[in-house]
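Chemist: Could you look at this predicted model? Sequence included:
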Amino acid sequence: MNSLTRHRLRSVILLCLLVSSSATAAERNVIFFITDDESPTLGCYGDAAAASPAIDAIAKDGTLFTRAFATTASCSASRSVVMSGLHNHANGQYGHQHAYHKFASWHNVVSLALPRVMERAGYRTGQIGKYHVAPEEVYRFEAYLKGNSRNAVQMAEQCRAFINNTDDERPFFLYFATSDPHRGGGKDKTSKRELKPDLFGNKPNDRSHEGVEEVIFDPVDVTVPSFLPDTPETREELAQYYQSCARIDQGVARLVEILKEADLYDQTLIVFTSDHGMAFAGGKTTVYEGGLRVPFVVRNPYEESRGIVCNAMISHIDITPSLLDFAGGLDHESNAPKDMLNADDYWQPTPVNRENRGPRNGLSAYHGRSWISILGDPKATHHREIFASHTFHEIQMYYPMRVVRDDKYKLIWNIAHGLPYPFASDLWAASSWQAQFIKGEDAPYGQKTVGEYIHRPAFELYDMQTDPHERTNLVEDSQHAEVLKAYKAKLKEYQTRYNDPWVMKWQYE
């Protein structure tokens, strides 16, 4: 073999090694897409009003979960659960992070925090859009990308360089968080009604966000969920909400386009969900189904079975262990990271007081369980019951609620039931609420009256098979006395298991 032949052979071998290295580095990527205040109002969930072709296409090529639940219908608190695998009463993020609310997770959550464990599992990590958790050092990403969180199409474009980065051999984890369809942006002054609908981030006067083909909805055509009153004010607000959701879908479409152009679509896990249900009274900040039920679509490119509809109960506490499982970093026996950061060692050189790092117990394993193994199985089960834990939204909104729910019954404990139910400021101002509130406490509001919504009993027990819309409270029904007793015991057991400080309320209130 002459020197020229040897040189050519070495070049071919080197090229093959580079191609192989590049292909390996690009495998098992993760995009986690989380919206802000979105219910399962998507075509893939049977909503005929929705404009969601991109998300529907992912569902047809993946697994759609019909019973996915947030643990709390509050933005910061929910995101802390998503990014820690712990209920918010256990991770310390009881309520909002921003401004005067000032809630934050315990520092020792750093051992379990999603961006931290994904980095330790060998991923380069990036975040774009809404963050809304604290401390940043606990939930730290390597890269923070800039983008208008009201324009998911523009956000996707801002992620192009991060997704296509070939200088770093590690797979990528992208946390993509929109501010849509959260309320905001003012009122629609073109409305002819006295009470104007919120714009939900839409541009006034039917103008478009840059790069977005806005979908304008006729209030006549929207789907009014059971927990809302079917009024003109509600329909006008829902029309704005659906437009905001349609903009999100176009962002999903652009992300898929970018992945396919880079030949990464079939090497990337895509998860689509929301922090909790829609921002209407009866949804957000409640523990009713309208607050806790969320869309949840997963496309695992390595799963052979596609287009699966799965009725297994899953919870937001499952997200971090599931993504870490996909990344190969979950110890299934301990239900914790294989390469778990020692929090005491991490904080030892820093001025973080030991007593402010978190409780002595409960920060060594995830509350949730990975659902990676059940993707593609329409008959799979996961949780037998789900537990929910809400304490705050805005700081003036102390109203702790605890929930246990299974296939048959749902029990809600309104721990501060002596107080009128506190409203988030934007939900109180909503035209859909105010239109009914001004009529008086006997006015209908969804399955309840205005008065029943504001003044709640200590316990609410619902038969979820015969009463899925939570209309009839069975607490005073003597035929359900034993059921009530059993579910109170279940609730107390979950509080004890998950180190809920509010478990002591059973003793003196």
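Modeler: The structure has been received and is ready for your questions. Everything numeric here is computed off the predicted structure, so don't read it as measured data.
Chemist: going forward, measure contacts between C-alpha atoms and count neighbours the same way
Modeler: Noted.
Chemist: show me where pLDDT drops low in the protein?
Modeler: Residue ranges of the chain with pLDDT under 70: 1-26, 353, 355.
Chemist: Please tell me how far the residue lying closest to Leu238 once chain neighbours are set aside sits from Gln436.
Modeler: Spatial nearest neighbour of Leu238, chain neighbours left out: Val222 (6.6 Å); criterion: Cα to Cα, 6 or more residues apart in numbering. Note on Val222: its distance to Gln436, by Cα to Cα, to the nearest Å, is 19 Å.
Chemist: what's the answer for Thr466, then?
Modeler: Relative to Gln436, and taking Cα to Cα, Thr466 is found at 27 Å.
Chemist: ok, the residue nearest to Leu238 - contacts?
Modeler: For Val222, the contacting residues are Ala49, Ala50, Arg235, Leu238, Ala239, Tyr242, by Cα atoms under 8 Å, 6 or more residues apart in numbering.
Chemist: which pair in the residues you listed spans the largest distance?
Modeler: Ala50 and Arg235 (13.8 Å; Cα to Cα).
Chemist: Can you give me the distance of the residue lying closest to Asp198 once chain neighbours are set aside to Gly201?
Modeler: Closest residue to Asp198 apart from its sequence neighbours, by Cα to Cα, 6+ apart: Lys187 at 4.5 Å. Separation of Lys187 from Gly201 (Cα to Cα): 10 Å.
Chemist: Pull out the buried positions in the helix or strand where Tyr494 lies.
Modeler: Tyr494 belongs to helix 481-497 when assigned by DSSP states H and E. Under the neighbour-count criterion of 16 or more other Cα atoms under 10 Å, helix 481-497 has Val483, Leu484, Tyr487, Lys488, Lys490, Leu491, Lys492, Tyr494, Gln495 buried.
Chemist: Can you give me the neighbour number for the closest residue in space to Trp371 that isn't next to it in sequence?
Modeler: The shortest distance from Trp371 to any residue other than its chain neighbours is 5.8 Å, reached at Ser322 (Cα to Cα, 6+ apart). By other Cα atoms under 10 Å, 20 other residues sit near Ser322.
Chemist: How about residues contacting the helix or strand hosting Ser322?
Modeler: Using DSSP H and E, the element containing Ser322 is helix 319-326. Residues outside helix 319-326 that contact it (Cα under 8 Å, 6+ apart): 28, 30, 82-85, 113-114, 117-118, 121, 330, 335-337, 366, 368-372.
Chemist: Could you report the separation of the residue nearest to Trp371 from Leu375?
Modeler: Taking Cα to Cα, one finds Ser322 at 11 Å from Leu375.
Chemist: middle-most residue in the chain, spatially?
Modeler: Asp275 (2.7 Å; Cα atoms, centre = their mean).
Chemist: Is it correct that that one is in contact with Phe33?
Modeler: No: using Cα atoms under 8 Å, Asp275 is not in contact with Phe33; the gap is 10.2 Å.
Chemist: List the buried residues for stretch 371-391?
Modeler: In terms of neighbour count (16+ other Cα under 10 Å), stretch 371-391 has its buried residues at 371-372, 374-378, 382, 385-391.
Chemist: centre of the chain versus it, how much separation?
Modeler: Offset of stretch 371-391 from its chain centre (Cα atoms, centre = their mean, to the nearest Å): 14 Å.
Chemist: Can I get that stretch in PDB, CA atoms only?
Modeler: Written as PDB, here are the backbone C-alpha positions of stretch 371-391 (Å, rounded to 0.1, in the frame of the first residue of the first chain):
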ATOM      1  CA  TRP A 371     -43.800   7.000  32.500                       C
ATOM      2  CA  ILE A 372     -41.200   6.200  29.800                       C
ATOM      3  CA  SER A 373     -41.900   2.500  30.000                       C
ATOM      4  CA  ILE A 374     -45.600   2.900  29.400                       C
ATOM      5  CA  LEU A 375     -45.400   5.000  26.300                       C
ATOM      6  CA  GLY A 376     -47.000   3.200  23.400                       C
ATOM      7  CA  ASP A 377     -49.200   1.000  25.700                       C
ATOM      8  CA  PRO A 378     -52.900   2.000  25.500                       C
ATOM      9  CA  LYS A 379     -53.800  -0.300  28.400                       C
ATOM     10  CA  ALA A 380     -51.100   0.800  30.800                       C
ATOM     11  CA  THR A 381     -51.700   2.000  34.300                       C
ATOM     12  CA  HIS A 382     -49.400   4.300  36.300                       C
ATOM     13  CA  HIS A 383     -50.800   5.900  39.500                       C
ATOM     14  CA  ARG A 384     -53.700   4.300  41.200                       C
ATOM     15  CA  GLU A 385     -54.500   7.700  42.800                       C
ATOM     16  CA  ILE A 386     -53.200  11.200  42.400                       C
ATOM     17  CA  PHE A 387     -52.600  13.700  45.200                       C
ATOM     18  CA  ALA A 388     -52.800  17.500  44.800                       C
ATOM     19  CA  SER A 389     -51.400  20.200  47.000                       C
ATOM     20  CA  HIS A 390     -52.300  23.900  46.700                       C
ATOM     21  CA  THR A 391     -51.400  26.500  49.200                       C
END
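Chemist: re the thing from before, which of Thr466 and Gln436 has more neighbours?
Modeler: Gln436 (20 against 11).
Chemist: circling back: would you format the contacts of Val222 as TSV with secondary structure included?
Modeler: Formatted as TSV, the contacts of Val222 follow (DSSP: H, G, I helix; E, B strand; the rest coil):
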residue	secondary structure
Ala49	coil
Ala50	coil
Arg235	helix
Leu238	helix
Ala239	helix
Tyr242	helix
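Chemist: Would you mind giving these as a markdown table with distance to Pro171 and neighbour count added?
Modeler: Formatted as a markdown table, the contacts of Val222 follow (distance: Cα to Cα, whole Å; neighbours: other Cα atoms under 10 Å):
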| residue | distance to Pro171 | neighbour count |
| --- | --- | --- |
| Ala49 | 37 | 17 |
| Ala50 | 33 | 22 |
| Arg235 | 44 | 23 |
| Leu238 | 39 | 28 |
| Ala239 | 39 | 24 |
| Tyr242 | 34 | 27 |
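Chemist: from those, which is closest to Asn151?
Modeler: Distances from Asn151 to the contacts of Val222, taken by Cα to Cα, are shortest for Tyr242, at 14.5 Å.
Chemist: quick one: contacts for the closest one?
Modeler: Tyr242 touches Ala50, Ala51, Phe217, Val222, counting by Cα under 8 Å, 6+ apart.
Chemist: Please identify which pair of those lies farthest apart.
Modeler: Going by Cα to Cα, the pair spanning these furthest: Ala51 and Val222, at 10.9 Å.
Chemist: Which stretches in the stretch 51-200 of the chain count as helices?
Modeler: 53-60, 75-82, 88-91, 114-120, 152-158, 160-164 (DSSP state H, counting those that start in this stretch).
Chemist: for the last one, which positions count as buried?
Modeler: Of the residues in helix 160-164, Phe162, Ile163, Asn164 count as buried by neighbour count, 16+ other Cα under 10 Å.
Chemist: Find the nearest non-adjacent residue to the last one, please.
Modeler: The shortest distance from Asn164 to any residue other than its chain neighbours is 6.6 Å, reached at Ala262 (Cα to Cα, 6+ apart).
Chemist: just the first one next, same as before
Modeler: Distances taken as Cα to Cα, 6+ apart put Gly126 closest to Phe162, at 7.7 Å, once the chain neighbours are dropped.
Chemist: Okay, and the beta partners of that neighbour?
Modeler: Assessed by DSSP bridges, Gly126 has beta-bridge partners Ala143, Leu174.
Chemist: How many neighbouring residues does it have?
Modeler: Applying other Cα under 10 Å, we find 21 other residues in the vicinity of Gly126.
Chemist: again, but for Asp206
Modeler: 12.
Chemist: What residues does Tyr399 make contact with?
Modeler: His390, Thr391, Phe392, Asn414, Ile415, Ala416, His417, Tyr421, Pro422.
Chemist: hmm, 10 Å instead?
Modeler: Counting by Cα atoms under 10 Å, 6 or more residues apart in numbering, Tyr399 touches 285-286, 390-393, 414-422.
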